[in-house]
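1. the amino acid sequence is not available; the structure is as follows:
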Ligand SMILES: NC(=O)c1ccc[n+]([C@@H]2O[C@H](COP(=O)([O-])OP(=O)(O)OC[C@H]3O[C@@H](n4cnc5c(N)ncnc54)[C@H](O)[C@@H]3O)[C@@H](O)[C@H]2O)c1
């Protein structure tokens, strides 16, 4: 029996695929959905970390498998979709989450080094995987959550590629919601604020020290003055995937401690 501190079993008997499920927000989402009863498919290009996530879930009594998938590679995406069709008839939940973040300013051309890889993984790959998995999602009348960012709403110097992709995801969410509604598929996005994940501490010389520093950091960019924990984003994703959100589609839920749309410095 999965350790389930949430007191809910909204996803019993349902199948969920999470891209970038090896780490950060994706891992927390995989853990949350599994705790609420879902059969979880963790997809990532990092097999070692992906398997570790799966092992953690199964050791708690949850149901999870790892499937390799590189969202930068069309053939890998097609192979992943085939592997899904071989194992499952339907797919109830898709969380498009995997992304990378590379800074680069416009003036010095730094952005150009990042454009191809960031957009392939974090936007093109999401659309292509969704296209491949759509027949399985249609069978289930499933739900999709796309992970955008507060960055897609504010724009920041030196982050043009990442931030523009996150804005594009908000738009694509609206398109998907309209294209898939007749198939009974709801599509929403979450826009997290700054969250304590490997994205922000893994490449630091001392990752665990940086993680602890971020966890206690006081910030002025949101009214709650702190960073999010990945589980706080996962909770919002789980809500949008669940029947509790049965009349919500095409929207973006801000999970940012009070930033976008509020008067903060
Ligand atoms: N951490 C934040 O502050 C924050 C804020 C807003 C939005 N987000 C968004 O949340 C999502 C998750 O980010 P995170 O912070 O958990 O990052 P993370 O780096 O902890 O996790 C990203 C995961 O994606 C995987 N990945 C990278 N390239 C891949 C590829 N080519 N194919 C398949 N998987 C790949 C990584 O291996 C990793 O497991 C991203 O879309 C990110 O943009 C993060």
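-> Yes, it's here. Just so you know, these numbers come straight off a predicted model, no measurement behind them. Numbers count the residues shown, from 1 in each chain.

2. roughly how far is the helix or strand residue 116 falls within from the heart of the chain?
-> Using DSSP states H and E, residue 116 sits within helix 110-119. From the chain centre to the centre of helix 110-119 is a distance of 20 Å (C-alpha atoms, centre = their mean, to the nearest Å).

3. report the buried residues of it.
-> For helix 110-119, burial by neighbour count (16 or more other C-beta atoms under 10 Å) applies to 111, 114, 118, 119. (Glycine included, C-beta is placed from N, CA and C.)

4. kindly report the same for stretch 214-230.
-> 214, 221, 222, 226, 227, 228, 230.

5. and the residue of the stretch 1-150 of the chain found nearest the ligand, how far from residue 99?
-> Taking C-beta to the nearest ligand atom, the ligand has its nearest neighbour within the stretch 1-150 of the chain at residue 24, 2.2 Å off. Note on residue 24: its distance to residue 99, by C-beta to C-beta, to the nearest Å, is 10 Å.

6. circling back: check contacts around the residue of the stretch 1-150 of the chain closest to the ligand.
-> 195, 197, 198, 199, 230 (C-beta atoms under 8 Å, 6 or more residues apart in numbering).

7. check residue 47 too.
-> By C-beta under 8 Å, 6+ apart, the contact set of residue 47 is 66, 68.

8. wait, does stretch 89-100 make contact with the ligand?
-> Yes - Stretch 89-100 reaches the ligand (C-beta under 6 Å from any ligand atom) through 97, 98, 99, 100.

9. among these, which ones are in strands?
-> Among those, no member is found in strands (DSSP state E).

10. now the buried members of the residues you listed.
-> Counted by 16+ other C-beta under 10 Å, those give 97, 98, 99 as buried.

11. buried stuff in the helix or strand harbouring residue 132?
-> Counting by DSSP H and E, the element that carries residue 132 is helix 125-140. For helix 125-140, the neighbour count (16+ other C-beta under 10 Å) marks 125-130, 132-134, 136-138, 140 as buried.

12. over to stretch 81-96?
-> Neighbour count says stretch 81-96 has 81, 83, 84, 88, 91, 92, 93, 94, 95, 96 buried, by 16+ other C-beta under 10 Å.

13. got the residues of the stretch 101-250 of the chain near the ligand?
-> The stretch 101-250 of the chain has residues 121, 147, 149, 192, 194, 195, 197, 198, 199, 200 near the ligand, with proximity defined as C-beta under 6 Å from any ligand atom.

14. spatially nearest residue to the fifth one (excluding sequence neighbours)?
-> Spelled out, that is residue 194. Of all residues beyond its chain neighbours, the one nearest residue 194 is residue 227 (4.9 Å), with distances taken as C-beta to C-beta, 6 or more residues apart in numbering.

15. ok, now which ones touch residue 83?
-> Taking C-beta under 8 Å, 6+ apart as the test, what residue 83 contacts is residue 67.

16. does it count as helix, strand or coil?
-> Secondary structure, DSSP: H, G, I helix; E, B strand; the rest coil: residue 83 is helix.

17. roughly how far apart are it and residue 76?
-> For residue 83 relative to residue 76 (C-beta to C-beta), the value is 10 Å.

18. quick one, helices of the stretch 101-250 of the chain?
-> 110-119, 125-140, 151-154, 160-180, 198-201, 207-215, 230-241 (DSSP state H, counting those that start in this stretch).

19. what's the fifth one packed up against?
-> Pointing back at helix 198-201 there. helix 207-215 (3 or more C-beta pairs under 8 Å, 6 or more residues apart in numbering; DSSP states H and E).

20. contact partners of the helix it packs on?
-> By C-beta under 8 Å, 6+ apart, helix 207-215 touches 196, 198, 200, 201, 204, 227, 229.

21. now the second one: closest residue in space that isn't a chain neighbour?
-> Distances taken as C-beta to C-beta, 6+ apart put residue 23 closest to residue 198, at 4.6 Å, once the chain neighbours are dropped.

22. any chance of a markdown table for the buried residues of helix 110-119, columns pLDDT and distance to residue 183?
-> Shown next, in a markdown table, are the buried residues of helix 110-119 (pLDDT from 0 to 100; distance: C-beta to C-beta, whole Å):
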| residue | pLDDT | distance to residue 183 |
| --- | --- | --- |
| 111 | 93 | 37 |
| 114 | 92 | 34 |
| 118 | 97 | 30 |
| 119 | 98 | 27 |
